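Enquirer: Sequence first, predicted coordinates after that:
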Amino acid sequence: MLELDVEAELARRFPHDLVAPVAKGARGADLIHQVRDAALRSCGTIVWETKNNRHWHAGWLDKLKEDQRAVGANLAVIVSIALPDGIVEFAAASTASGSPACAPGPRWRSPCASS
């Protein structure tokens, strides 16, 4: 499951941070990632949404921005198997409202996020 893979990879790469899944059935992104420094002080929050669908849906970006605002996160990221036309692996994609978001490809390596 893509969501569990992303959660495990974030926890492995960022051991000081807190990465928590949003409860199944609850509104919001899939993961809430609290970024912390070496002294474990909070530095910001990232919401992560995972999509394991065959086709890209532009509405995902606007929903992600809503989820970001709802929790007051600094950044928002989509990890998706399907990507918008013209994006091969890793790129920023814009919402209909002009707000940037991110859509890494299936070979996810590092976060691309924008507030």
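Expert: Alright, I've got the coordinates.
Enquirer: Poorly predicted segments of this structure, please.
Expert: Applying pLDDT under 70 to the chain flags the ranges 88-115.
Enquirer: and the residue located most distally from the centre of it, what helix or strand is that in?
Expert: Residue farthest from the centre of the chain, counting by C-alpha atoms, centre = their mean, is residue 39 at 24.4 Å. Residue 39 is part of no helix or strand, with elements assigned from DSSP states H and E.
Enquirer: Would you mind measuring from it to residue 86?
Expert: Using C-beta to C-beta, to the nearest Å, residue 39 is found at 42 Å from residue 86. (C-beta placed from N, C-alpha, C; glycine too.)
Enquirer: Likewise for residue 61?
Expert: For residue 61, the distance to residue 86 (C-beta to C-beta) stands at 15 Å.
Enquirer: So which of those two has more stuff around it?
Expert: Neighbour comparison, residue 61 and residue 86: the larger count goes to residue 61, with 24 against 7 (by other C-beta atoms under 10 Å).
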